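Colleague: Please work out how this folds:
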Amino acid sequence: MSERPPTLLTLSTLNLSADGTRILRDEDQRTAEVTEAAALAVLTAFAALPAMEVADADAKIYLAGPRGKVAVQNISGKLFVTSVPETVNTPVQRTPEETIALLTADAPVKVSAAVTAEAARDAEIIAEVSRHPRGWGERLNSVWTLVALLIVAAIVVFFSFPSETIDGVDMIHDGARISRLNAEFNGRYGAPGATALVLVDGNLKGFQPVAGGAAEDQLFELGYRFGLREHHVVLLVENGTLLEPQPDGAMKYLESTYPRQRP
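Modeller: Got it, this is the predicted structure:
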């Protein structure tokens, strides 16, 4: 059987460079025809962007092929694909390869086993955060409907303020203690000339220096709250990640450590 000939796709980006490697706020890239291999490279580069850079950026890739058009977002290093129009379709997590196949393959693309397993794990999260779990079984007609709803709910959880039942973290509610913790941890973290975090009374901002000057771009802005994990203070960010104070005064965030900058 002969191989399927390569298909040309149309690609454009929102708040993202045309090659998918950089966030470009308030900038759209013109639609261009690309090969499947080129589109795959852009999707792969987009998926590899650090979570700090894509948070709050609303960056997207729009990709069209013989079988339709999709919008692709990077949420914490995972690609979520929505058929256009986005307002009436459900985001589904897909790999770059699955996304290309969705637009070019002759047969429908199946959700990978890994995605199905992750959706099952998301069910446990939803069980914790949902206040109205009753009635779900009556509304679900199939396993795939369940998977779709679980993924949507997981996205909502990611962008909503985290529940107080997150595993291993007990939230701190005492106002006086929170004031003391703000006084202790407020400040700027990060090496000079590198990406920096600024914490001020429950508000976290990320900044990136602009090449060739003293100015810097704001990458994101998120709220946070204080909690205890194994008797250690942690800062629970509204996207569900943790800021972890270190013994030397530094702050760990998303596997990177930011030294405390002293006034």
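
Colleague: Provide a list of residues in contact with residue 86.
Modeller: residue 71 (Cβ atoms under 8 Å, 6 or more residues apart in numbering). Where you see a C-beta, it was placed from the backbone N, CA and C, and this is true even at glycine.

Colleague: do the same with residue 168
Modeller: Residue 168 sits next to 229-230 when contact means Cβ under 8 Å, 6+ apart.

Colleague: Sticking with it, tell me its helix or strand.
Modeller: For residue 168, there is no helix or strand it lies in under DSSP states H and E.

Colleague: Centre of the chain to stretch 231-243, how far?
Modeller: The chain centroid and the centroid of stretch 231-243 are separated by 16 Å under Cα atoms, centre = their mean, to the nearest Å.

Colleague: Can I get it in CSV, CA atoms only?
Modeller: Coordinates of the C-alpha atoms in stretch 231-243 are reproduced here as CSV (Å, rounded to 0.1, in the frame of the first residue of the first chain):
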residue,chain,number,x,y,z
HIS,A,231,4.6,21.4,58.9
HIS,A,232,6.5,23.5,56.3
VAL,A,233,5.0,26.7,54.9
VAL,A,234,4.2,26.6,51.2
LEU,A,235,2.5,29.2,48.9
LEU,A,236,-0.3,27.7,46.9
VAL,A,237,-0.7,29.6,43.6
GLU,A,238,-4.1,29.9,42.0
ASN,A,239,-3.1,27.8,39.0
GLY,A,240,-2.5,24.8,41.3
THR,A,241,1.3,25.0,41.5
LEU,A,242,3.4,25.6,44.7
LEU,A,243,6.0,28.1,45.7
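
Colleague: taking the mean pLDDT, what do you get for the strand or helix carrying residue 176?
Modeller: For residue 176, the host element (DSSP H and E) is helix 175-185. Averaging pLDDT along helix 175-185 gives 95.

Colleague: what residues go with each domain of this structure?
Modeller: Following automatic domain parsing, the chain resolves into domains at 8-104, 113-159, 170-261.

Colleague: give me the beta-bridge partners of the residue nearest in space to the middle of the chain?
Modeller: In the chain, the C-alpha nearest the mean C-alpha coordinate belongs to residue 75, at 2.3 Å (Cα atoms, centre = their mean). Here residue 75 sits in beta bridges with residue 78, going by DSSP bridges.

Colleague: Do you know the pLDDT at it?
Modeller: The predicted local confidence for residue 75 comes out at a pLDDT of 87.

Colleague: can you pull the contacts of residue 225?
Modeller: Contact analysis of residue 225 by Cβ under 8 Å, 6+ apart lists 161, 171-172, 202, 235-236.
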